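In: need a 3D model of the following:
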Amino acid sequence: MNTDIKTYDMRGLQQAMKELGQPAFRAKQIYEWLWYKHVDSFDKMTNLSLALREELASRFSLFTPKLIDKQESSDGTRKYVLELSDGALVETVGIPADASRERLTVCFSTQVGCPMECVFCATGHEGFTRNLTIGEIVDQVYFVEEDFGRRISNVVGMGQGEPFLNYDNVLAALRIMNDKKGLNIGARRIAVSTCGMLDGIKQFSNEPEQFTLAVSLHSAIQPIRNEIMPHVARQSLKSLRSSLERYIEKTNRRVTFEYLLIQDVNDTQEDLDALIKYCRGLLCHVNLLPMNDIEGSYFAATPQKTVKHWLDSLEKHHIEATLRSSRGSDIAGACGQLKNKQGSH
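Out: Predicted coordinates for the structure are as follows:
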């Protein structure tokens, strides 16, 4: 099978054109056809010669994901299962703002499956298949934009997969999303959520763009975090905090902690006290997440009374915190649920 041309970033396209004996500006032209005009055929690249279009078609494929399933929530959230060129399935979600048509967020995936095996995550039960390519990541955002018929304002790599285990492809995709000749989304409106890969956080701090970093924390007590997030157990909370301190010092950018509240697992007063202590002195924001029901899971959502107590306590200790509204809970909202209904790939 020919290589999909959308696996290349600009540098890759430049190298490919060099190997074909083409001038360097051809790479820029092809890049704009792929990521600004988002064509689905080499024939549509009309400022290229017919001979070059035919050569590109003979050497490369140009694949667009196929829709396998789509569900729309009563709150307007749309969840998609897309089929990739090898038959693998991936999920992406479009989340419109409640009160404004100006904000439309895409939650995109970075891997087929996920190797992290977090016990509360439907994707973690699936296992890991492979990394997504640059094009497979960006195409998710384009797909949502075209389905809604409106511009994407925000994107977050918080779908299936651990982004920092697919670092190079993810960063190349983010740059296409940010590029004025791509999706033209502001860097501060582009976020990546990691389970806490220390090497990835260090590398991310060196990137010139002002992309936003989120960390899936879910517990500030080491044994509990080890139990619910087993594949980061070897990376201590102390090491993670030190890594984030260096990130903040270098970038002067705030870190968001994602904290999924699970009844009787990580929502006790002891858990709250540990989180407050962990956040103290950090430039951070806590995003409390409601638990979605996952079929076959014994985990349950934290009661609203407890959630309110957490929000009030964090505010009292001058730690910025919000409760993310549960979106798409009526359409298999938890990550991996809708895809898993299609069967494993």
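In: P303 contacts I262, correct?
Out: No: if you go by Cβ atoms under 8 Å, P303 and I262 don't touch, sitting 11.6 Å apart. For glycine as for every other residue, the C-beta is placed from the backbone atoms N, C-alpha and C.
In: of those two, who's got more company?
Out: A count of neighbours by other Cβ atoms under 10 Å puts I262 above the other of P303 and I262, at 22 against 12.
In: quick check: the gap between that one and L272.
Out: 13 Å (Cβ to Cβ, to the nearest Å).
In: repeat that for E83.
Out: With Cβ to Cβ as the criterion, E83 and L272 are 43 Å apart.
In: same question for A27.
Out: The gap separating A27 from L272 is 53 Å, by Cβ to Cβ.
In: cool, and H231?
Out: Distance from H231 to L272, counting by Cβ to Cβ: 25 Å.
In: kindly report the same for F25.
Out: 58 Å.
In: out of those two, which sits in the busier spot?
Out: Neighbour comparison, F25 and L272: the larger count goes to L272, with 20 against 10 (by other Cβ under 10 Å).
In: residue contacts, that one?
Out: Contact analysis of L272 by Cβ atoms under 8 Å, 6 or more residues apart in numbering lists H309, W310, S313.
In: which strand or helix spans it?
Out: helix 269-279 (DSSP states H and E).
In: next SSE downstream of that helix?
Out: strand 284-289.
In: output the below-cut-off pLDDT ranges for the stretch 151-300 of the chain.
Out: When residues are selected by pLDDT under 70, those of the stretch 151-300 of the chain lie in 293-297.
In: hang on, the earlier thing: list the buried residues of the helix holding L272.
Out: Going by neighbour count (16 or more other Cβ atoms under 10 Å), the buried part of helix 269-279 is D271, L272, A274, L275, I276, Y278, C279.
In: swap in stretch 308-317?
Out: Neighbour count says stretch 308-317 has W310, S313, L314 buried, by 16+ other Cβ under 10 Å.
In: check stretch 187-195 too.
Out: Neighbour-count burial for stretch 187-195, counted by 16+ other Cβ under 10 Å, picks out A187, R189, I190, A191, V192, S193, T194, C195.
In: secondary structure and distance to T129 added to these, as JSON lines?
Out: As requested, those are exported to JSON lines (DSSP: H, G, I helix; E, B strand; the rest coil; distance: Cβ to Cβ, whole Å):
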{"residue": "A187", "secondary structure": "helix", "distance to T129": "30"}
{"residue": "R189", "secondary structure": "helix", "distance to T129": "29"}
{"residue": "I190", "secondary structure": "strand", "distance to T129": "25"}
{"residue": "A191", "secondary structure": "strand", "distance to T129": "24"}
{"residue": "V192", "secondary structure": "strand", "distance to T129": "20"}
{"residue": "S193", "secondary structure": "strand", "distance to T129": "20"}
{"residue": "T194", "secondary structure": "strand", "distance to T129": "19"}
{"residue": "C195", "secondary structure": "coil", "distance to T129": "18"}
